[in-house]
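**Student:** coords please:
(chains A and B, ligands or ions: 2)
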Amino acid sequence: MKIKRIEKRRDVSIRFCGDSGDGMQLTGTKFADETALAGNDLSTFPDFPAEIRAPAGTLAGVSGFQIHFASERVHTPADYPDVIVAFNPAAVRANVGDLRPGAMLIINSDAFNKKAWQRAGYTEDPIPDLRERFELVEIPLTALNREALVGLDLTQRAIDRCKNFFALGLLSWLYGRPMESTERWLGNKFEGDVLEANTRTLRSGWAFGETTELFPVSYQVPAAKIEGGSYRNITGNTALAWGIIAARVLMDRQVFLGAYPITPATDVLHEVARHRNFDIKTFQAEDEMAAVSSAIGASFAGNLGVTVSSGPGIMLKQEAIGLAIMVELPLVVIDVQRAGPSTGSPTKTEQGDLLLALFGRSSESPMPILAPSSAGDCFDTMIEAFRLAVKYMTPVMVLSDSYLANSSEPWKIPDIETLQRSPIRFAKREDFGEEGFMPYVRDPETLARPWAIPGEPELEHRLGGLTKEPVTGNVVYDPDNHAAMLKLRADKIAGIVADIPNIEVDGPTSGDLLVVGWGSTNGAITAAVDEAREDGLSVSRIHIRHMNPLPSNLQDVLSHFKHILLPELNGGQLSMILRSLFLLDIQPLNKVAGQPFRIAEIRSAIDEILREVN
Amino acid sequence: MAASASPLTRKDFVSTQDVRWCPGCGDYSVLANVQRVMPEFVEKRENVVFISGIGCSSRFPYYMNTYGFHTIHGRAPSFATGIKASNPDLSVWVVTGDGDGLSIGGNHLLHTIRRNLDLQILLFNNKIYGLTKGQYSPTSDEGTRTKSSPHGSIDHPIDPISFALGSGATFVARTIDVDATHMQQTLRRAHAHKGTAFVEILQNCPVFNDGVWEDVQDRKTRPDNSISLVHGEPLVFGTPGNLKGIVMNDGNPQVVDLTDDEDPLAKGIVVHDEFLESTAYAFALATLCRPDFPLPVGVLRQVEKTCYEDELEAQIQDSIDTKGPGSLEKLLHSGDTWQVPG
Ligand SMILES: Cc1ncc(C[n+]2csc(CCOP(=O)(O)OP(=O)(O)O)c2C)c(N)n1
Ligand code: SF4
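**Tutor:** Ligands and ions are numbered 1, 2, ... in the order given. Model prediction:
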């Protein structure tokens, strides 16, 4: 065997792409797990079509998974991949536009027959052109995989389905990724010939890398310096689900999750449903109205009601959320936003539901809104959402999105002991004087009313959507009372501002430019601002997590900058809010393409503003 | 059924809110009868929950001195599902109207019935939208003239009993607002049933649909126009001197005359059986309609099936037994993890 050269790299970004049936998501996920174990920081971006199985070999069926890993902090999956691994001509055609000239393009050359490239929309054989523009590595993946698996008692189809693991083995060699985790996973998942086939082809891929002349160099990306501790990879959806489970443990109260399947929120239901041994109830309702209603019913009965959906489903839930606001019961509503309106691009990302969360109910019906900024932050945000819901007796909305839902990052597993335990206290008869229980008395500090649950003697009361009077909760139709109750509920939500952290500025607290972000854009904004600073520019940055009420020092923070840039994946919703609240000239940077921001997009907006200033 | 030794009385179930239905509304009598039988069912008021949607009938929970929740239009069964699944020890009652339950809430009613939670669902059928001032409802007869159907309704109505049967209801009954004895007996049966007990209550709305049920409400005409179902008894109706019975002719129900001393069984009169697994017989009963047939009242069908909340509890217990009680620490550290030296 020839000794090959090893080159060091600070960071690498790889995109695996192929047909939906080629197993690209799995390949990417396994590569990400190996990469985490290699000690790199990383960020992933799965990008898949809405169709479960679009016609094979077509552009519509192309599925991709990008992973960016480095020996330093990583904030995004990277704007452009350094390497593309493409399993068929359609994958090349759909992705090659993102590849820099001269960059490495690894293809399955067996998939490039005339029929296949015509199917992908090429009118002539693309290979000669690709050879010219890129460092094209042509690997007969199908044949090599078949060769590796001769003698196994499997159908040709089953054998061909393993070829993604040949590629995974090869890429693992190329970037020095340890394959133990993948082998362990295979061992847990398969048995017999299928296990043998996948393991064998995986190892053959590695061995092929070592021996072939095609790769004179392999790469090393040293481990990143990150805070010590126990780590794991986590996606936003898993973190939301685990946050729900954590709330169940920390509040020592049963959780009831009512949900109706919708992309990209369904995985949260799946994940919670797997963990019944936490004494958690999941209920797949007949629709979103039933899902949220059952969750509110559960809260009325004293459980932690939670519901999860995406834009169109949230729309259907809004009437019931309005009732929860009116009767002041705790409820957590998760909106994993997707690109809309309507069915839109259901697997793509967007931050289009902020105004829906703020104002998309009838009349004046404010509720707290939280937006996690990373996959890992989804976990903490859920715990915070439950805390606020119970403490203030209100529904709380959590705005995640498709990008957070599916992308993964290394997550420092929290020490359970440090998580805030907040046991619940329900109302008791002895809390009240001679006049008896009053469902609408309020805690003078939080303005929350008591949570009195069926089964508790002498607290019988009736809730409902009709306007009530204070203290007794009796139905009254007096106009002044209506206004007073509306204001009381609004004051209660506004008062939460005293219970949430102030905004902290990353960078100088005054200057020419402040970049304001919220939710999932945190990574791209951080990377762009860091880059600008490395280039000597003075840029500050804040990221808002509590969208309602907004942190109390926000206006003050904003007022110290000449220019404010607000990138968001919608038509300018937060910009509109902040402009109207603070009468500031906020400069929106909007993108509604179903894709997250590229760092360069934010960077060029920063440059443009600073150029004008200077 | 004898009254229990409950320390409670009817008065204990009367709340302090003024009842605000129109004078003469059938809802009053339902409220009175429910309050009367409640002490037989529970020893503790705090274990009772009344859930309703929106409509005149849905004001019901405000008047019951129990836990109560007046929710949103059509969704009462879903709220009840969350409550019952969360705390199966509660006695949960759903009050809904024909519009609330079968129009906007039809889907929830269907799915709640098929899941068979141990609930009582009382559907007040006045064949009209009361609260919104008199539009035709999904149970309104064809040709019903209202402000929204000035030329007469052209919808084909739905029959709540058939709907419930089609949804897989394990207990289906019908009673009449003005027949206190029958209603109380039906409520007892509904409460005793383990599973979703669906009860259609024929209710008069004197303001917007006065008299739609007159022929079965009026004591004089009731015997000829309704048939009181009793398990094991033949389907005989009418008054002495004018008795009639129902026979099955090639699967089709048919009314035959009976003399006062005739043996109905010898004449082939169908004997009522609540417990048939097949729904065919109950459907046949449900389709009987006036004027050709009497309207069946009483329990049409009662069968046993597992209840959603019990199965859910069992799955949780099973999961705890096999996997051990959940540990957050273990969950967060499950799968691939790695140590970064600090
Ligand atoms: C979402 C929604 N749509 C419409 C209404 C208006 N609405 C209130 S009650 C009702 C019909 C009620 O009819 P029914 O269930 O028969 O009850 P009844 O008043 O006759 O007892 C309607 C349409 C509403 N409250 N909410
Ligand atoms: S409108 Fe009809 S149903 Fe409603 S309260 Fe009046 S009488 Fe009763």
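
**Student:** Closest approach to chain B from the stretch 351-500 of chain A, which residue is it?
**Tutor:** Using Cβ to the nearest Cβ, the single residue of the stretch 351-500 of chain A nearest to chain B is A:G464, 3.0 Å away. Using the backbone N, CA and C atoms, a C-beta is placed for each residue, glycine as well.

**Student:** and what of the stretch 301-450 of chain A?
**Tutor:** Per Cβ to the nearest Cβ, A:A301 is where the stretch 301-450 of chain A lies closest to chain B, at 4.0 Å.

**Student:** Not counting its neighbours along the chain, what's nearest that residue?
**Tutor:** B:S86 (4.0 Å; Cβ to Cβ, 6 or more residues apart in numbering or on different chains).

**Student:** picking that back up, list the contacts for the residue lying closest to the residue of the stretch 351-500 of chain A closest to chain B once chain neighbours are set aside?
**Tutor:** Computed as Cβ to Cβ, 6+ apart, the closest residue to A:G464 that is not its neighbour in sequence is B:H70, at 3.0 Å. Contacts for B:H70 (Cβ atoms under 8 Å, 6 or more residues apart in numbering or on different chains) come out as A:R462, A:L463, A:G464, A:G465, A:L466, B:S52, B:I54, B:S58, B:R59, B:P61, B:Y62.

**Student:** so of the residues you listed, which ones are in helices?
**Tutor:** Secondary structure from DSSP state H places none of the contacts of B:H70 in helices.

**Student:** And residue 57, what's its pLDDT?
**Tutor:** Reading this off chain A. pLDDT, A:G57: 92.

**Student:** Correction: the question concerned chain B.
**Tutor:** 98.

**Student:** B:R290 now?
**Tutor:** What the model reports as pLDDT for B:R290 is 89.

**Student:** one step back: what number of residues lie near the residue of the stretch 301-450 of chain A closest to chain B?
**Tutor:** 26 (other Cβ atoms under 10 Å in any protein chain shown).

**Student:** Then A:I424?
**Tutor:** Other residues lying near A:I424 total 16 when counted by other Cβ under 10 Å.

**Student:** Contact partners for it?
**Tutor:** Contacts of A:I424 were listed using Cβ under 8 Å, 6+ apart, and they are A:M251, A:D252, A:R253, A:V390, A:W451.

**Student:** element containing the last one, please.
**Tutor:** Under the assignment given by DSSP states H and E, A:W451 is not contained in any helix or strand.

**Student:** which ones are touching it?
**Tutor:** Applying Cβ under 8 Å, 6+ apart, we find A:W451 in contact with A:G302, A:L329, A:P330, A:V390, A:M393, A:I424, A:F426, A:A427.

**Student:** how about JSON lines for those residues, with distance to A:A54 added?
**Tutor:** JSON lines is the format used below for these (distance: Cβ to Cβ, whole Å):
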{"residue": "A:G302", "distance to A:A54": "47"}
{"residue": "A:L329", "distance to A:A54": "43"}
{"residue": "A:P330", "distance to A:A54": "42"}
{"residue": "A:V390", "distance to A:A54": "44"}
{"residue": "A:M393", "distance to A:A54": "47"}
{"residue": "A:I424", "distance to A:A54": "48"}
{"residue": "A:F426", "distance to A:A54": "52"}
{"residue": "A:A427", "distance to A:A54": "55"}
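
**Student:** Just the buried subset of these, written out for ChimeraX, thanks.
**Tutor:** Listed next is the ChimeraX selection for buried residues among the contacts of A:W451, using 16 or more other Cβ atoms under 10 Å in any protein chain shown:
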select /A:302,329,330,390,393,424,427
